[in-house]
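Colleague: fold the stuff below for me.
(chains A, B and C)
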Amino acid sequence: MIFVSGWKVRDRKRLLDIYGLMKKAHGHQGWWPGDTPLEIAVGAILTQNTAWTNVEKAIRCLKAAHALSLARLRAIPPARLAALIRASGYYTVKADRLKEFIAFVDARFGGSFDRMFSCDPAELRGLLLGVKGIGPETADSILLYAGGKPVFVVDAYTKRIFGRLGFLGGDEPYDEIQRFFTERLPVDTALYNDYHAQIVMLGKSVCRPKPRCDACPLRRRGCVIER
DNA sequence: GGCCAGGACACCA
DNA sequence: TGGTGTCATGGC
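Modeller: This next block holds a predicted model:
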């Protein structure tokens, strides 16, 4: 039998209430915006510290060049790959990171995403974190959105919003913030998927310091979520 | 023209 | 171990 302390039960209700408000405001998101696990993983790397609109351009370029396949990404010269993803910023760094990721999938799983995602999620997370250029957020995004694993993704919006709401101090390390959510929310891939999507939608659509965000579903007296 | 965006890493004290 | 600099484009 699993015992859950009272305050965690109370937090769970609050977190689910917040999710309900965000979902009511934005609707179900159906993330990640990508057609295949490979495209989702590529997007997860390209979106590092980058606006998604720029990532979309880069992915369109990759598709137009018929470069968005494991075989093509494996064969394409780094300089050519960098040119294709230029719009996403940090293009030389990200081209190297994509190459590192493809080399990892080849070396560990024979180039098979199916084989990779049949791996234990915790073990795979550790392996992904060993790939140069893949940190905790990127690894978790790949696990959740490309692999369908119940892994909660923490990003800058999560820290900002839940810091302002008083759940977080704001300077906790990634794993601690992630644990905050996974200890309280039910283990549910669909919930984790849409919860993070809702946080991003809220973060980039309504929660700016000025002007005051009257449309923000979480706004209440004295609560203006800031950058 | 300045600020910011769905991070990660190398380097240094 | 924690702080800082670097990578860089495009939208507002």
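Colleague: would you agree A:E56 falls within a helix?
Modeller: Yes - according to DSSP: H, G, I helix; E, B strand; the rest coil, A:E56 belongs to a helix.
Colleague: show me the contacts for it.
Modeller: A:P33 (C-beta atoms under 8 Å, 6 or more residues apart in numbering). (Glycine included, C-beta is placed from N, CA and C.)
Colleague: may I see the buried residues of the helix or strand where A:V9 lies?
Modeller: Element membership for A:V9, per DSSP states H and E: helix A:6-26. Buried positions in helix A:6-26, judged by neighbour count with 16 or more other C-beta atoms under 10 Å: A:D11, A:R12, A:L15, A:I18, A:Y19, A:M22, A:K23, A:A25, A:H26.
Colleague: how near is the first one to A:R184?
Modeller: Per C-beta to C-beta, to the nearest Å, A:D11 is found 5 Å from A:R184.
Colleague: quick one: contacts of stretch A:31-43?
Modeller: With contacts defined as C-beta under 8 Å, 6+ apart, stretch A:31-43 is touched by A:44, A:52, A:55-56, A:59, A:62, A:68-70, A:73, A:98, A:101, A:113, A:117, A:141-142, A:145-147, A:193-194, A:196-197.
Colleague: keep those, but drop any that are not near DNA strand B.
Modeller: A:A44, A:W52, A:S141, A:Y145 (C-beta under 7 Å from any atom of the strand).
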